[in-house]
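S.K.: sequence? don't have it. structure:
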Ligand SMILES: Nc1ncnc2c1ncn2[C@@H]1O[C@H](COP(=O)(O)OP(=O)(O)O)[C@@H](O)[C@H]1O
Ligand SMILES: N[C@@H](CCOP(=O)(O)O)C(=O)O
């Protein structure tokens, strides 16, 4: 019998100022997978080595560039990794997946985190694996090895997360190179080996409250910055002064974003950062000046501003005056010859979901 279901995974903004690799908020912009499994249609999926026919809607981000072969596409490659860890070599025959992706790629809005979460959820459904979200996080964290986007995308809302200390044996299982976790695209060497199951509870998290009056303005430059490149410019060590600067703000910010009414005099300084933004300015034209171009005094309604994830998107938190705030930042980017679009978003409280169709 044929089966159809939809997987929805939110975009996310990670770091939120001082919370590098710790904080993340799921955002109301959803990667959607419409999945059908129909054995009677198996002949239509035969040209893929893993029984899976992939397509993207024409208005999807990355429509022209994302690979459609199941062992090359990040979503299905992730799903194949999870299936193979569980002794299932490929998708059920007759699997078709139609994807709608409004999350811009390589902009700091968690497109890869959403793709990885979607892939793990896809495997959980097609392989009937019955994993909890907490266990699915372990598989996600074998691929995207910082927990902030993944946790917000999977669990939803405003999350704080950390990676627990692993035993030496667990470290061995977790630190295997990515190339050995994700299956090689065909043409590459496919060893047929079963990858090791990830250690359990790698990632731990809490969900904070969020004052619903606080909206998220994303100002999105029209150039891509890969997260890997943006992590590459960060130093290996920090001064105590800079670490304490961030820790103090992190502790205050998580509570400040729950207060009603929100206090811009508290949130704005609590969103300052000395761990990642000062180094990433080399990759984002005008970043330092752009981040200081709007303040609660120049733009009432603004609460705080920071780089979203690894950038180049800017996240501004505000209760009103959204268009003016966005326009000011767009103008500043334009002076640096960077065009932008912007979106008004809010937290996606629910996180990723699966909806079965009758
Ligand atoms: N929906 C998707 N389908 C396929 N691949 C995706 C999708 N979303 C993201 N990716 C992959 O992830 C890459 C972007 O990841 P990354 O550099 O971490 O940026 P981001 O900040 O958007 O997560 C894309 O270039 C693409 O290879
Ligand atoms: N903490 C990470 C977050 C990366 O987020 P993305 O949305 O850019 O993938 C980092 O800052 O590197």
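M.R.: Now that the structure is in, tell me what you want to look at. What you see is a predicted model, and the numbers here were worked out from it, not measured in a lab. Numbers count the residues shown, from 1 in each chain. Ligands and ions are numbered 1, 2, ... in the order given.
S.K.: Residues of this structure that sit close to ligand 1?
M.R.: 31, 62, 66, 73-75, 101, 105-113, 115, 226-227, 309-310 (CB under 6 Å from any ligand atom). For glycine as for every other residue, the C-beta is placed from the backbone atoms N, C-alpha and C.
S.K.: Looking at those, which are in helices?
M.R.: Members of the residues of the chain next to ligand 1 lying in helices (criterion: DSSP state H): 74-75, 111-113, 115, 227.
S.K.: Between all of these, which two are separated the most?
M.R.: Pairwise distances across those (CB to CB) peak at 16.6 Å, for the pair 75 and 227.
S.K.: quick one: which of those two has more around it?
M.R.: residue 75 (27 against 21; other CB atoms under 10 Å).
S.K.: If you rank the ones in helices among the residues of the chain next to ligand 1 by neighbours, which is first?
M.R.: Result: residue 113 is most packed of these (other CB under 10 Å), 32 neighbours.
S.K.: what residue lies at the spatial centre of this protein?
M.R.: Centroid-nearest residue in the chain, with CA atoms, centre = their mean: residue 110, separated by 2.6 Å.
S.K.: quick check: longest strand of this structure.
M.R.: strand 23-37 (DSSP state E).
S.K.: elements contacting the one helix or strand residue 123 maps to?
M.R.: Element membership for residue 123 (DSSP states H and E) is helix 111-126. Using 3 or more CB pairs under 8 Å, 6 or more residues apart in numbering; DSSP states H and E, the elements in contact with helix 111-126 are strand 3-14, strand 23-37, helix 74-85, helix 133-143, helix 147-155.
S.K.: Pipe those into a markdown table and attach mean pLDDT and distance to residue 330 per row.
M.R.: Compiled in a markdown table, the helices and strands packed on helix 111-126 are given as follows (pLDDT from 0 to 100; distance: least, CB to CB, whole Å):
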| stretch | mean pLDDT | distance to residue 330 |
| --- | --- | --- |
| strand 3-14 | 98 | 18 |
| strand 23-37 | 98 | 18 |
| helix 74-85 | 94 | 30 |
| helix 133-143 | 95 | 33 |
| helix 147-155 | 97 | 24 |
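S.K.: Quick one, which of the ones you listed gets closest to residue 47.
M.R.: The nearest among these, by CB to CB, is helix 74-85 at 14.2 Å.
S.K.: hey, which of the helices and strands packed on helix 111-126 is tucked in deepest?
M.R.: Of those, the one with the most neighbours on average (mean count of other CB atoms under 10 Å) is helix 147-155, at a mean of 30.
S.K.: Tell me if that helix is near ligand 2.
M.R.: Yes: under the criterion of CB under 6 Å from any ligand atom, ligand 2 is reached by helix 147-155 at 148-149.
S.K.: so where do the strands sit in the stretch 151-300 of the chain?
M.R.: Ranges of strands in the stretch 151-300 of the chain, per DSSP state E, counting those that start in this stretch, are 158-163, 203-208, 215-221.
S.K.: could those go into a markdown table alongside distance to residue 333?
M.R.: Supplementary listing: those in a markdown table, determined by distance: least, CB to CB, whole Å:
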| stretch | distance to residue 333 |
| --- | --- |
| strand 158-163 | 26 |
| strand 203-208 | 30 |
| strand 215-221 | 6 |
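S.K.: contacting residues for the closest residue to ligand 2 within the chain?
M.R.: The minimum distance from the chain to ligand 2, using CB to the nearest ligand atom, falls at residue 309 (2.7 Å). Residue 309 sits next to 12-15, 108-110, 148-149, 227 when contact means CB atoms under 8 Å, 6 or more residues apart in numbering.
S.K.: Can you pull out the low-pLDDT segments for the stretch 101-250 of the chain?
M.R.: Counting by pLDDT under 70, the ranges of the stretch 101-250 of the chain that qualify are 173-192.
S.K.: How about the residues of it by ligand 2?
M.R.: So far as CB under 6 Å from any ligand atom goes, the stretch 101-250 of the chain lies against ligand 2 at 108-110, 112-113, 146, 148-149, 227, 230-231.
S.K.: coming back round to it: ok, which of the strands of the stretch 151-300 of the chain comes nearest residue 1?
M.R.: Distance to residue 1, taken as CB to CB, is lowest for strand 203-208 among those, at 35.9 Å.
S.K.: how's this structure carved up into domains?
M.R.: Domains of the chain are assigned by automatic domain parsing as 3-205+348-357, 210-345.
S.K.: Residue 206 contacts residue 159, doesn't it?
M.R.: Yes: taking contacts as CB atoms under 8 Å, residue 206 lies within contact range of residue 159: 6.9 Å.
S.K.: and the two? which has more neighbours close in?
M.R.: residue 159 (28 against 12).
S.K.: which residues does the more buried one contact?
M.R.: 23-26, 148, 151-152, 205-208.
S.K.: what do you get if the cut-off is 7 Å, keeping everything else the same?
M.R.: 24, 151-152, 205-207 (CB atoms under 7 Å, 6 or more residues apart in numbering).
S.K.: Same question for residue 90.
M.R.: 50-51.
S.K.: Can you check the pLDDT for it?
M.R.: pLDDT for residue 90: 92.
S.K.: Please settle this for me: is it part of a strand?
M.R.: No: residue state for residue 90 (DSSP: H, G, I helix; E, B strand; the rest coil) corresponds to coil; a strand is not indicated.
S.K.: how near is it to residue 80?
M.R.: Using CB to CB, to the nearest Å, we find residue 90 at a distance of 7 Å from residue 80.
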